[in-house]
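[1] Predicted model and sequence follow; I will ask about them next.
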Amino acid sequence: MANQQHLDILKQDVYGWNKWRREYPDIRPDLSGANLQRAYLHQANLSGADLSGADLSMAMLVEANLKETNLEETELFQANLALADLSGTDLRKARPFMADFGEATLCRVDFRKVTLGCYQSTVMVTWMSYSTLSKSTLSIPLSRKQWN
């Protein structure tokens, strides 16, 4: 469950959020399970935050700092993460259907059990053009049973 104080600061505006992050660099924001659908988080410093289980559907995360962020089981439907830095991020079991990772930095990202292509026979496109995927973990299930 998200820390309500952290969520309130983030929802005010990105400028105030980034200022708070600079003032309290040792705090690891807890935004787990938060509903951030359609949130405008352009250039937000979310590094090290716990966003596990959050809903970031259609969120604007262009140029966001998501280094070492926990995005496990996060909903990223149509999220825009273009030019974002996701180095060292945990994306296990995340759902980035139709998300835009164009030119994002994806070094050492854990993509285990993430569906990037097809979902129930419907082709979904996840944009990853010009993204850096060095040392990322990508696994492809051999059968549907591996997803359960």
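    Done, it's in. Being a predicted model, the structure only gives us computed values, none of them experimental.
[2] what's near enough to touch the closest residue to residue 57 other than its chain neighbours?
    Using C-beta to C-beta, 6 or more residues apart in numbering and skipping residues adjacent in sequence, the residue nearest residue 57 is residue 77, 4.2 Å away. No exception for glycine: its C-beta is placed from N, CA and C like everyone else's. Neighbour list for residue 77: 57-58, 95-99 [criterion: C-beta atoms under 8 Å, 6 or more residues apart in numbering].
[3] can you do 10 Å?
    If a contact means C-beta atoms under 10 Å, 6 or more residues apart in numbering, then residue 77 has 37, 55-59, 95-99, 124 as its contacts.
[4] how about CSV for those, with neighbour count added?
    CSV is the format used below for those (neighbours: other C-beta atoms under 10 Å):
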residue, neighbour count
37, 15
55, 20
56, 29
57, 20
58, 17
59, 26
95, 19
96, 25
97, 20
98, 15
99, 28
124, 17
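[5] quick one: which of those residues is nearest residue 28?
    residue 56 (18.0 Å; C-beta to C-beta).
[6] How much space separates the closest one from residue 22?
    23 Å (C-beta to C-beta, to the nearest Å).
[7] try residue 35
    Applying C-beta to C-beta to residue 35 and residue 22 gives a distance of 26 Å.
[8] higher neighbour count, the two?
    Taking neighbours as other C-beta atoms under 10 Å, residue 35 and residue 22 compare with residue 35 leading, 13 against 9.
[9] What's the mean pLDDT across the helix or strand encompassing residue 5?
    Assigning secondary structure by DSSP states H and E places residue 5 in helix 4-12. For helix 4-12, mean pLDDT rounds to 97.
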